[in-house]
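# The sequence and its predicted three-dimensional model are supplied below.
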Amino acid sequence: MVRKTSGKIVIVGSPNVGKSLLFNRLTGSYVTVSNYPGTTVEVSRGVTKIGDTEFEVIDTPGMYSLLPITEEERVARNILLKERPDVIIHIIDAKNLERMLPLTLQLIEAGLPIILVLNIIDEAEKIGMKIDLHDLERALKIPAVATVSTTGRGIDILKGRIEEYVRAKG
Amino acid sequence: MYELKDKPDPWPQRADKDVGDILEVALEKIESLLKNDYGISKRAIGLLLLQEDGEIASLVKAKQPDAWVKIEEIVKETRARYSDPLSYIITLRRQEEASRIVKEAVEHLPHAKLSFKENLSRIMINPLTGMPLLLLILYYGLYKFVGTFGAGTVVNFIERDIFEKNINPWMVQLFNLLIPWQLLRDLFVGEYGVITLGIRYAVALILPIVTTFFIAFAIIEDTGYLPRLALLIDRLFKKIGLTGRAVIPMVLGLGCDTMATMVTRTLPTKRERIISTILLALAVPCSAQLGVILSLLEGNNRALWVWGGVVSMVFLLVGFLSSMVLPGDAPSFYMEIPPLRLPKLSNVFIKTYARVKWYFTEVLPMFILASFIIWIGRLSGLFNLMVKGLAYPVRWIGLPDKAAVAFLFGFFRRDYGAAGLYDIKKAGLFNGNQLVVACVTLTLFLPCIAQFLMNVKERGMKVGVGISIFILFFSFSAGFVVNLALNLLGVHL
């Protein structure tokens, strides 16, 4: 069996959804922050090991849509276009699922390898939202994981999903 | 597992024989023309091209110059088939698809307890509770803080205690000594002098007013209230052909209408942009003007209500009429709602500082220049001629001739004109009715030069000039009607 020993994970999502916290949960302390070439936009890169595979993890600036308006969004899209990631984690605020799903749809449309992360799921539950992950996965045809990045809930499941996903792709 | 090739179809209307087809056919044509690997699917590239994404366009142009010519043609043709921008249509459809999926996968339990923030957020958006809350915010934030404190207490202190008691007499003496010629002396310390009028207006009147306004605005902005206000007002705005999205430029307009006119760019349809531009130029007073007007009407609550009522009615009426006249569909609206937060002092301070600095550096040279132009105008006799000319419509709406000067000032800037009224009121030349009529007319009166230039820049010469001519006639007509109504009803404010 040939094992892949390195891969690339890109985290995307709009601002204020816990993107950087998830990035920190995955990578720990081995992080480099640098300006994206030719811009003033900062991009963080770190490393994580999931199963036997080592991944480079890239935290992108906040984006709302694949059609960019700001420089941050332009940088985020360029990373998606040029970095050829093995997995893209689209992290959203679960209670704002309806408003954030359009970007998920765009990423799927673009043929990118997406895992949807419904973050801050505890707040969604608190306001009485019950999200059926299986229904969501069936409708979108991508994996969906519920997490709380402040407490670490769901992070292990997410890692498992990343592992499965990469293995399924070969 | 998850088959990557088996993508969901976010375009469920593909089979329909409606406009959806045109877009879909165009997209398929573009997809078949794309040959290179762009890192993402051809479909996504095609959609971005249809939405006129400059970066992707130049990428395709560089990689496939031959195909690009055909693609450009397809995009142009497709765009011509829709009255709305393609990006708007595509976004709307995607949102519909997202809503459909959410309906399938999400269940809302009714009796869950809401968090305090969520509760507060709902109180802000619900019309029954949101409207009283809005009035409360306007009363304390705008009337009490900006009107009474900023335009009252602070202005009185700087204007009366500092300028009139100290700086002005001292300057007059100094220039009497320095400059022997009365004519030249007038330029600096005369009735409309650079120091006695221009700098006094800018520092004593406008500075404290805009500072307090920008503080109040920054606090409100920092809490995340504005997007919720947009949702609250959405229903009302739809009646006048706008959506809640237009609330942001309108509220910004209370700060500075010129800046707000530029922000109307964010509105998705041309129709919304034109309606907003008209309303901003006509019925939305800017912070400086608003502050001076609040201080003019201070202590006369009935007059304040009449002024507020008339201006709001004009806003709604003109909005409603222009939405009837201008062609196009009623817009739809959705927007990102950020969480509510406690405002951060450092944020408020930095925002206020930056805005006041920007505003003041724009205003001060303008006021000094205006004093200079008036000085030349008075030397050549042109000033008196124009005041005499303006005195006719001013008399016609029941105001004393002296008010013509304020309207002449109004041509330079809205706030400059309002500040002119301030001096007339101080001289005791207005009764209550006249004060209201003057305030209403000047609120509606021509936008300042900067806003006029912005109107022309954003909307084109024809629309920009058209709006100004309309406003010139409309403002005096409104003043005439208010004056007539007050007199006929025997109201003395």
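Here it is on my side, so go on.
# for the longest helix belonging to chain B, what is the average pLDDT?
In terms of residue count, the longest helix belonging to chain B (DSSP state H) is helix B:345-380. Average pLDDT, helix B:345-380: 86.
# If you count neighbours, what's buried in it?
Neighbour counts using 16 or more other CB atoms under 10 Å in any protein chain shown place B:348, B:351-352, B:355-356, B:359-360, B:363-364, B:366-368, B:370-371, B:374-375, B:377-378 of helix B:345-380 among the buried residues. Placement of C-beta: from N, CA and C, glycine included.
# Run through the neighbouring helices and strands of the helix or strand just after that helix.
Scanning forward in sequence from helix B:345-380 by DSSP states H and E, the next helix or strand is helix B:382-396. Under the contact criterion of 3 or more CB pairs under 8 Å, 6 or more residues apart in numbering or on different chains; DSSP states H and E, helix B:382-396 touches helix B:345-380, helix B:403-412, helix B:461-488.
# Go through these and name the closest to B:Asn300.
Among those, helix B:461-488 comes nearest to B:Asn300, with 13.3 Å by CB to CB.
# Which strands and helices lie in contact with that closest one?
helix B:270-283, helix B:301-325, helix B:382-396, helix B:432-444, helix B:449-459.
# Just want the angle from the third one to helix B:461-488.
Compare the direction of helix B:382-396 with that of helix B:461-488 by axes from the mean of the first three to the mean of the last three CA atoms, to 10 degrees and you get 50 degrees.
# Give me the contact list for helix B:382-396.
Residues outside helix B:382-396 that contact it (CB atoms under 8 Å, 6 or more residues apart in numbering or on different chains): B:374, B:376-378, B:400-401, B:403-405, B:407-408, B:476, B:480.
# is chain A contacted by whatever helix or strand B:Ile219 lives in?
Counting by DSSP H and E, the element that carries B:Ile219 is helix B:207-223. No. If you take CB under 8 Å from any CB of the partner chain as the test, helix B:207-223 misses chain A, and the best it gets is 14.2 Å.
# Grab the CA positions of that helix and hand them over as CSV.
The C-alpha trace of helix B:207-223 is given here as CSV (Å, rounded to 0.1, in the frame of the first residue of the first chain):
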residue,chain,number,x,y,z
LEU,B,207,-16.6,71.2,14.5
PRO,B,208,-18.5,70.5,17.8
ILE,B,209,-21.5,69.3,15.9
VAL,B,210,-19.8,66.9,13.6
THR,B,211,-17.6,65.6,16.4
THR,B,212,-20.6,64.7,18.6
PHE,B,213,-22.4,63.2,15.7
PHE,B,214,-19.5,61.1,14.6
ILE,B,215,-19.0,59.9,18.2
ALA,B,216,-22.7,58.9,18.4
PHE,B,217,-22.5,57.3,14.9
ALA,B,218,-19.3,55.3,15.7
ILE,B,219,-20.9,53.9,18.9
ILE,B,220,-24.0,52.8,17.0
GLU,B,221,-21.9,51.4,14.2
ASP,B,222,-19.7,49.5,16.5
THR,B,223,-22.5,47.7,18.2
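# the inter-axis angle of it versus helix B:345-380?
Interaxial angle, helix B:207-223 versus helix B:345-380 (the same axes, to 10 degrees): 150 degrees.
# for helix B:207-223, the distance to its chain's centre please.
Relative to its chain's centre, helix B:207-223 lies at 15 Å (CA atoms, centre = their mean, to the nearest Å).
# Report the buried residues of that helix.
Neighbour count says helix B:207-223 has B:207-223 buried, by 16+ other CB under 10 Å.
# can you tell me how far the closest residue to B:Phe149 other than its chain neighbours sits from B:Val146?
Nearest residue to B:Phe149, sequence neighbours excluded (CB to CB, 6 or more residues apart in numbering or on different chains): B:Thr212, at 6.3 Å. Going from B:Thr212 to B:Val146 by CB to CB, to the nearest Å gives 5 Å.
# intersection of neighbour lists for these two?
Listed as contacting both B:Thr212 and B:Val146 by CB under 8 Å, 6+ apart are B:Gly291.
# Poorly predicted segments of the stretch 101-250 of chain B, please.
Applying pLDDT under 70 to the stretch 101-250 of chain B flags residues B:111-114.
# If we use 80, what do you get?
The stretch 101-250 of chain B contains residues with pLDDT under 80 at B:109-115, B:118, B:235-236, B:238-245, B:247-248.
# That one: helices as residue ranges?
For the stretch 101-250 of chain B, the helices defined by DSSP state H, counting those that start in this stretch cover B:116-125, B:127-137, B:155-156, B:168-178, B:182-189, B:200, B:207-223, B:225-239, B:247-253.
# Dump those to a markdown table, plus distance to B:Ile275.
Below are the helices of the stretch 101-250 of chain B laid out as a markdown table (distance: least, CB to CB, whole Å):
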| stretch | distance to B:Ile275 |
| --- | --- |
| helix B:116-125 | 23 |
| helix B:127-137 | 22 |
| helix B:155-156 | 34 |
| helix B:168-178 | 45 |
| helix B:182-189 | 43 |
| helix B:200 | 38 |
| helix B:207-223 | 23 |
| helix B:225-239 | 10 |
| helix B:247-253 | 11 |
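# Would you mind finding the most buried of these?
Of all those, helix B:200 has the most neighbours on average by mean count of other CB atoms under 10 Å in any protein chain shown, namely a mean of 25.
# Show residues contacting that helix.
B:159, B:163, B:167-168.
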